[in-house]
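K.L.:
no sequence on this one, just coordinates:
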């Protein structure tokens, strides 16, 4: 299963493509889309949309996994994150690619075993799982890869449980 | 000046087009785009985008005025409002139409004279200003018209002050 992980943001939007199956994951691509924080809001969204759409076209993921963002003490952050999330949702849906959401806790638990892992631990585990020689930078890029791994593994686990249930019924 | 007012939302998105100049305003169109609250998030955004883009094409506003939303006790509401706002921003920017934001307080003050007016007062003043025989329903539609009036009048006022300043300098 090929997953595009998206750590949504306007100033920095992390993107990471992973081919994964149960317990295994291979990095296909990683990057960060940046838009100038003093840029016009609409122009930033148009630029981000074009970049995300380019990634969808180039890597043809089976699914897009986006970080589900909750409240933040900083309202401006929440809004720009929500706008970036909307762009990812819109672009993927137009290409007929399903979008799933995972919470930061789910992502951390999937890659480190603990839902309370810190950023450094997540980056370290992503680097190890993918067998990378250097850790992905910035943190948004590592988070996007972690999201993709999380979804690929959860999806594989679900498929395996379904297969076992089917066997048991047969 | 022709303004498309947008009261952003996914369940109901109010749209109102007004031709306005200082102290005057004429309604061109009003409506509400609804998407099913049990629908898939991406599909709802794609539908809303198509509808908003249709309004932009049909009425060719000079500017789009969107309600600036702040925090809400309900995080889900904030997120879906932010997603709808992103759709309006993206669609208008692609058509080269500027987008401006006004807070609810600014809008209320512009149409009723008080930033603390309630929904009923806003609807009543919108109905009177536009010389409508019946009040626009639902409240989202009236709010979209109020936004459009607010921006048309503020814009006209700014233009008038600039003209006076120019005269004074001449």
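P.N.:
Thanks, I have the structure now. Fair warning: this is a prediction, and the values are worked out from it, not measured in the lab.
K.L.:
just for chain A, where's the confidence low?
P.N.:
Across chain A, the ranges flagged by pLDDT under 70 are A:71-74.
K.L.:
need the residues of it near chain B, please.
P.N.:
A:40-43, A:45-46, A:49, A:69-71, A:75, A:78-79, A:82-83, A:85-87, A:89-90, A:92-94, A:99 (CB under 8 Å from any CB of the partner chain). Where C-beta positions appear, they are placed from N, C-alpha and C, glycine not excepted.
K.L.:
And residue A:47, which helix or strand is it part of?
P.N.:
Residue A:47 is part of helix A:41-59 when elements are defined by DSSP states H and E.
K.L.:
Give me the buried positions along that helix.
P.N.:
For helix A:41-59, a neighbour-count test (16 or more other CB atoms under 10 Å in any protein chain shown) marks A:41-42, A:44-49, A:51-53, A:55-56, A:59 as buried.
K.L.:
Show me which helix runs longest in chain A.
P.N.:
In chain A, assigned by DSSP state H, the helix with the most residues is helix A:139-169.
K.L.:
Output the contacting helices and strands for that one.
P.N.:
Contacts defined by 3 or more CB pairs under 8 Å, 6 or more residues apart in numbering or on different chains; DSSP states H and E place helix A:139-169 against strand A:2-7, strand A:12-21, strand A:24-34, strand A:63-67, strand A:99-102, helix A:104-112, helix A:119-129.
K.L.:
Using CSV, lay out the ones you listed together with distance to residue B:159 and mean neighbour count.
P.N.:
Below are the helices and strands packed on helix A:139-169 laid out as CSV (distance: least, CB to CB, whole Å; neighbours: other CB atoms under 10 Å in any protein chain shown):
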stretch, distance to residue B:159, mean neighbour count
strand A:2-7, 42, 27
strand A:12-21, 38, 24
strand A:24-34, 36, 18
strand A:63-67, 42, 25
strand A:99-102, 43, 18
helix A:104-112, 47, 20
helix A:119-129, 50, 18
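K.L.:
Export the ones you listed to a markdown table and append columns for distance to residue B:152.
P.N.:
Listed next are the helices and strands packed on helix A:139-169 as a markdown table, based on distance: least, CB to CB, whole Å:
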| stretch | distance to residue B:152 |
| --- | --- |
| strand A:2-7 | 38 |
| strand A:12-21 | 35 |
| strand A:24-34 | 36 |
| strand A:63-67 | 37 |
| strand A:99-102 | 37 |
| helix A:104-112 | 43 |
| helix A:119-129 | 47 |
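K.L.:
one step back: quick check, distance from the longest helix of chain A to the centre of its chain.
P.N.:
Taking CA atoms, centre = their mean, to the nearest Å, one finds the center of helix A:139-169 at 13 Å from the center of the full chain.
K.L.:
just checking, residue A:49 touches residue A:87?
P.N.:
Yes: assessed by CB atoms under 8 Å, residue A:49 is found in contact with residue A:87 at 4.9 Å.
K.L.:
overlap in contacts of those two?
P.N.:
residue B:90 (CB atoms under 8 Å, 6 or more residues apart in numbering or on different chains).
K.L.:
just to revisit the earlier point, write the PyMOL selection for whichever of the residues of chain A next to chain B are buried.
P.N.:
For the buried members of these, the matching PyMOL selection, counting by 16+ other CB under 10 Å, is:
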select buried, chain A and resi 41+42+45+46+49+69+78+79+82+83+85+86+87+89+90+92+93+99
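K.L.:
Can you get me a residue count around residue A:1?
P.N.:
Look at residue A:1: counted by other CB atoms under 10 Å in any protein chain shown, it has 17 neighbours.
K.L.:
my guess is it meets residue A:22, correct?
P.N.:
No: assessed by CB under 8 Å, residue A:1 is found out of contact with residue A:22, at 10.0 Å.
K.L.:
shared neighbours of the two, which are they?
P.N.:
By CB under 8 Å, 6+ apart, the residues touching both residue A:1 and residue A:22 are residue A:156.
K.L.:
And the longest helix of chain A, what's buried?
P.N.:
A:139-156.
K.L.:
next one: stretch A:127-137
P.N.:
A:127, A:129, A:130, A:136.
K.L.:
Could you list which residues are in contact with the first one?
P.N.:
For residue A:127, the set of contacting residues under the criterion of CB under 8 Å, 6+ apart consists of A:134, A:135, A:136, A:142.
K.L.:
Please report how far it lies from residue A:133.
P.N.:
Going from residue A:127 to residue A:133 by CB to CB, to the nearest Å gives 9 Å.
K.L.:
In a markdown table: the buried residues of stretch A:127-137, plus distance to residue B:9.
P.N.:
Listed next are the buried residues of stretch A:127-137 as a markdown table, based on distance: CB to CB, whole Å:
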| residue | distance to residue B:9 |
| --- | --- |
| A:127 | 42 |
| A:129 | 40 |
| A:130 | 40 |
| A:136 | 37 |
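K.L.:
which one among those residues gets closest to chain B?
P.N.:
Minimum distance to chain B across the buried residues of stretch A:127-137 is 26.8 Å, recorded for residue A:136 (CB to the nearest CB).
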